[in-house]
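Colleague: Next input, structure requested:
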Amino acid sequence: MILLDTHVLVWLTQGSSEMGAAARETANQALAGDQLAVSGISFWEIAMLHRKQRLRIMQPLGAFRRDVLNLGVVELPVTGEIGIEAVMLDDLHSDPADRIIVATASLTRSTLVTADQRILEWRGPLHSIDARV
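Modeller: Here you go, the predicted structure:
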């Protein structure tokens with residue numbers, strides 16, 4: 001399973017050039033095989049950024065979520081197990097959404113596609129791909 005970090009989901013849906021060709025191909029292949037996922041916390045994070053006017057989504061947020069899911073992206077719920085795992089991630093920075101996304105990737109044995117340098121450099125139990133490549 002390929003798990004998209006929040007910013008990568010936005011890049012992918014908006015066709016951003018910030019997403020590298022290899023990462024885009026990985027996401028497209030995963031989508032074709034019903035193996036592309038996003039954490040439910042990413043929709044919360046997108047809504048918060050939109051509300052703070054740090055991100056612009058051109059449609060109602062509920063419609064954005066439905067469109068993403070209708071494409072075939074799998075939404076992985078935030079469970080109690082993920083919440084506990086997120087607290088136990090030693091030496092990972094303290095951003096709660098990032099910790100939940102990393103915990104989700106770890107517990108589901110997914111590969112996380114991210115451009116977050118702090119996550120890419122983290123030495124914990126995570127397989128990740130740089131979204132800029």
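
Colleague: make it CA atoms for all contacts and neighbour counts henceforth
Modeller: Will do.

Colleague: which intervals of this structure have sub-threshold pLDDT?
Modeller: For the chain, no stretch has pLDDT under 70.

Colleague: What are the boundaries of the strands in it?
Modeller: All strands of the chain, identified by DSSP state E, fall at 2-4, 36-39, 74-76, 111-114, 127-130.

Colleague: What residues does the most centrally placed residue in the chain make contact with?
Modeller: Centroid check for the chain by Cα atoms, centre = their mean gives D5 as the closest residue, at 2.1 Å. By Cα atoms under 8 Å, 6 or more residues apart in numbering, the contact list for D5 reads V38, S39, S42, I101, L112, V113, T114.

Colleague: 6 Å instead?
Modeller: By Cα atoms under 6 Å, 6 or more residues apart in numbering, the contact set of D5 is V113, T114.

Colleague: circling back to that earlier point, with distance to A105 and mean neighbour count added, can I get the strands of the chain in a markdown table?
Modeller: Formatted as a markdown table, these follow (distance: least, Cα to Cα, whole Å; neighbours: other Cα atoms under 10 Å):
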| stretch | distance to A105 | mean neighbour count |
| --- | --- | --- |
| strand 2-4 | 7 | 28 |
| strand 36-39 | 9 | 24 |
| strand 74-76 | 10 | 18 |
| strand 111-114 | 6 | 24 |
| strand 127-130 | 8 | 18 |
